[in-house]
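**Q** Got a sequence here, can you model it:
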Amino acid sequence: MKELTTRELKERLAELQGTEVSLRGWIRNHRKQKNMGFIDFYDGMCFKNPQVVYDQSIAGFEAIQGLRVGAAVRVTGKVVPSYKDPETPEIQASEITLEGDCPEDYPLQPKKHSLEFLREIAYLRPRTRLFQAVFRVRSVAAMAIHTYFQDRGYVYVHTPLITGNDAEGAGNTFTVTTLAPGQQADPSEDFFGKPTSLAVTGQLEGETFAMAFSKIYTFGPTFRAENSNTKTHAAEFWMIEPEIAFCDLEELMDIEEDFLKEIVRTVLAKCPDELAFLDRFSGGGLIDKLEALLRSTCARITHEEAITILRKAMENGTEFKFEPQYGGDTAKEHEKYLTEEYFHSPVFVYDWPKEIKAFYMYQNDDGKTVSAVDLLVPGAGELMGGSQREDRYEKLVSRMDELGISKEEMYWYVNLRKFGGCTHAGFGMGFERLLIYLTGVENIRDVIPYARTPQNCEF
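**A** Predicted structure coming up:
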């Protein structure tokens with residue numbers, strides 16, 4: 001008799017009917033009757049888990065009836081047809097052995113728990129059905145990202161997590177130091193001999209590798225010290241950042257659309273049970289939204305055209321809390337209107353005002369805009385942000401001077417424009433933002449194993 005996982009059992013259910021199998025896992029629920037009992041069993045390997053049925057003929061019936069929720073057990077028994085769901089295995093147990101007991105005050109009793117409560121016991125919440133679904137989707141999506149880029153010849157680059165530059169120029173960085181708190185000392189006396197921080201992006205280092213390998217991507221943690229308690233902000237999160245040589249803004253938008261659709265397609269194919277559960281959890285419409293994305297073509301408009309559409313909507317009676325402004329950023333409500341009310345599809349908004357974008361973006365001939373692009377999607381708003389990078393030495397240096405960014409400290413980045421520079425572009429996507437979109441779970445704290453947010457660094 002071979003020991004199986006629930007995944008193997010489900011995949012081979014037809015051939016295993018009537019045979020004896022052995023499983024190891026945990027008790028999610030235990031319903032006891034006078035002469036028999038039912039155990040909702042799981043081992044984390046499969047979302048649709050078997051029900052274990054036993055009766056008083058089993059050895060140690062009374063001890064088995066005392067098994068509590070959360071306990072680890074080994075189950076041996078015959079695979080039999082399930083009357084509730086033909087696709088879900090059922091085990092008629094001949095032996096149940098306790099591997100690890102669990103007390104009566106185990107926090108995850110079989111009842112509905114709030115997301116807030118589950119965040120307080122984040123080390124246990126992966127055992128719940130919701131988080132079994134969320135983190136399986138996270139795993140599959142992560143692998144799909146690597147597969148997408150690897151299959152297309154991109155090189156995976158590990159950019160540093162400790163850096164001496166703030167690529168975004170926003171100053172929202174975490175300082176890295178070995179100096180004692182409050183100690184006044186010359187930065188040269190610190191560990192690295194200069195001010196350093198946790199990286200907000202791997203883009204700049206990624207560009208150096210794109211100038212050698214043509215197509216690269218990074219996928220790892222990044223850090224932003226924004227004191228924001230919104231549902232979509234965290235201090236530590238994961239970013240996907242490809243950089244492509246000999247690529248302009250139009251080609252970049254093609255890549256972004258193809259990339260997103262392939263990830264969604266993979267998750268739909270590999271996580272049907274998880275998505276069906278998440279669809280119900282989020283109130284319905286999740287799977288329809290993802291399938292609609294695959295059928296749609298992303299609209300493409302300039303920032304100026306976007307503001308014009310929004311302002312006309314206001315003239316026609318649409319109310320916005322924040323007035324859309326030429327030369328200004330867009331708000332969530334504007335993104336929602338464009339994707340869900342006007343285009344009914346994802347939307348690329350490109351050619352953004354120069355003054356609200358980063359120094360490294362390609363400056364357009366109008367002197368007012370840069371070749372930047374945001375991808376907005378229904379139900380989530382901004383999902384990706386990218387740009388064609390400024391490849392002209394004089395233009396880049398001039399912009400750095402305007403913004404007070406040191407050419408001397410960033411000499412290596414500037415030199416890319418001198419040593420065989422070329423047209424190139426890239427984008428960044430927050431992995432957790434993608435997961436919010438894929439799962440319908442609205443809070444970033446619930447799609448990352450251990451959230452790092454203002455005043456919170458537990459576990």
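
**Q** What about Pro160, how many residues nearby?
**A** Per other CB atoms under 10 Å, the neighbour tally for Pro160 reads 12. C-beta: built from backbone N, CA, C; applies to glycine.

**Q** The one 5 residues further on now?
**A** Asn165 has 21 neighbouring residues, counting by other CB under 10 Å.

**Q** Would you check that it makes contact with Glu409?
**A** Yes - if you go by CB atoms under 8 Å, Asn165 and Glu409 touch, sitting 6.9 Å apart.

**Q** Please, which helix or strand holds the spatially most distant residue from the centre of the chain?
**A** Within the chain, the residue lying farthest from the chain centre (CA atoms, centre = their mean) is Ser57, at 48.3 Å. Per DSSP states H and E, Ser57 falls between elements, in no helix or strand.

**Q** Check the gap between it and Ala93 for me.
**A** Distance, Ser57 to Ala93, using CB to CB, to the nearest Å: 10 Å.

**Q** where along this protein do the helices fall?
**A** Under the criterion DSSP state H, helices of the chain are mapped to 6-11, 13-16, 61-65, 115-120, 129-151, 203-213, 249-270, 272-281, 286-295, 303-315, 332-336, 393-403, 411-415, 431-439.

**Q** Kindly format the C-alpha coordinates of the fifth one as CSV.
**A** Read it as helix 129-151. Output in CSV follows, covering the C-alpha atoms of helix 129-151 (Å, rounded to 0.1, in the frame of the first residue of the first chain):
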residue,chain,number,x,y,z
ARG,A,129,-9.5,27.4,2.9
LEU,A,130,-9.3,31.0,1.8
PHE,A,131,-5.6,31.3,2.3
GLN,A,132,-5.0,27.8,0.8
ALA,A,133,-6.6,29.2,-2.3
VAL,A,134,-4.8,32.6,-2.2
PHE,A,135,-1.3,31.2,-1.7
ARG,A,136,-1.8,28.4,-4.2
VAL,A,137,-2.7,31.1,-6.8
ARG,A,138,0.3,33.1,-5.6
SER,A,139,2.6,30.1,-6.2
VAL,A,140,1.2,29.3,-9.6
ALA,A,141,1.3,33.0,-10.7
ALA,A,142,5.0,33.3,-9.6
MET,A,143,5.9,30.2,-11.6
ALA,A,144,3.9,31.5,-14.6
ILE,A,145,5.9,34.7,-14.5
HIS,A,146,9.2,32.9,-14.6
THR,A,147,8.0,30.6,-17.3
TYR,A,148,6.8,33.5,-19.5
PHE,A,149,10.1,35.2,-19.5
GLN,A,150,12.3,32.1,-19.6
ASP,A,151,10.5,30.7,-22.6
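
**Q** For this protein, give me the ranges with low pLDDT.
**A** 1, 166-171 (pLDDT under 70).

**Q** longest strand of it?
**A** Assignment by DSSP state E gives strand 20-32 as the longest strand of the chain.

**Q** relative orientation of that one and helix 129-151 in degrees?
**A** 140 degrees (axes from the mean of the first three to the mean of the last three CA atoms, to 10 degrees).

**Q** In terms of secondary structure, what does strand 20-32 contact?
**A** helix 6-11, strand 36-42, strand 72-80, strand 90-100 (3 or more CB pairs under 8 Å, 6 or more residues apart in numbering; DSSP states H and E).

**Q** Show me which positions of stretch 93-112 end up buried.
**A** By 16 or more other CB atoms under 10 Å, the buried positions in stretch 93-112 come out as 93, 96, 98, 102, 108.

**Q** gap between Phe213 and Leu161?
**A** Using CB to CB, Phe213 is found at 21 Å from Leu161.

**Q** Apologies, that question was intended for Ser371.
**A** In terms of CB to CB, Ser371 sits 29 Å off from Leu161.

**Q** These two: which is more packed in?
**A** Ser371 (22 against 14).

**Q** Am I right that the more buried one is in contact with Tyr362?
**A** Yes - counting by CB under 8 Å, Ser371 touches Tyr362, with 4.1 Å between them.

**Q** shared neighbours, these two?
**A** 249, 387-388 (CB atoms under 8 Å, 6 or more residues apart in numbering).

**Q** Going through those, which ones are buried?
**A** Counted by 16+ other CB under 10 Å, these give 249, 387-388 as buried.

**Q** can you pull out the strands in the stretch 101-250 of the chain?
**A** Secondary structure of the stretch 101-250 of the chain (DSSP state E, counting those that start in this stretch): strands at 155-156, 162-163, 175-176, 196-198, 215-223, 236-245.

**Q** now the last one, how far from the chain's geometric center?
**A** Same thing as strand 236-245. Here strand 236-245 shows a centroid-to-chain-centroid distance of 12 Å under the convention CA atoms, centre = their mean, to the nearest Å.

**Q** can you pull the buried residues of it?
**A** 236-245.

**Q** quick check, nearest of those residues to Arg74?
**A** The nearest member of these to Arg74, counting by CB to CB, is Trp238 at 36.0 Å.

**Q** Beta-bridge partners for that closest one, please?
**A** Beta bridges link Trp238 to Pro221 when assigned by DSSP bridges.

**Q** Surely it is in contact with Thr218?
**A** No - in this structure, Trp238 is not within contact of Thr218 by CB under 8 Å, at 10.1 Å.

**Q** returning to that earlier point: name the nearest of the buried ones among the shared contacts of Ser371 and Tyr362 relative to Glu274.
**A** Ser387 (34.2 Å).

**Q** rewinding a little: let me have the strands of the stretch 101-250 of the chain in CSV, extended by distance to Ser282.
**A** Shown next, in CSV, are the strands of the stretch 101-250 of the chain (distance: least, CB to CB, whole Å):
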stretch, distance to Ser282
strand 155-156, 32
strand 162-163, 37
strand 175-176, 38
strand 196-198, 33
strand 215-223, 26
strand 236-245, 21
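
**Q** Determine which of these approaches Val75 most closely.
**A** Short answer: strand 236-245, nearest of the strands of the stretch 101-250 of the chain by CB to CB, at 36.4 Å.

**Q** so what's the closest residue to Arg433 other than its chain neighbours up against?
**A** Residue nearest to Arg433 in three dimensions, not counting chain neighbours: Leu383, with 5.8 Å by CB to CB, 6 or more residues apart in numbering. Leu383 is in contact with 260, 375-377, 429, 433-434, 437, counting by CB under 8 Å, 6+ apart.
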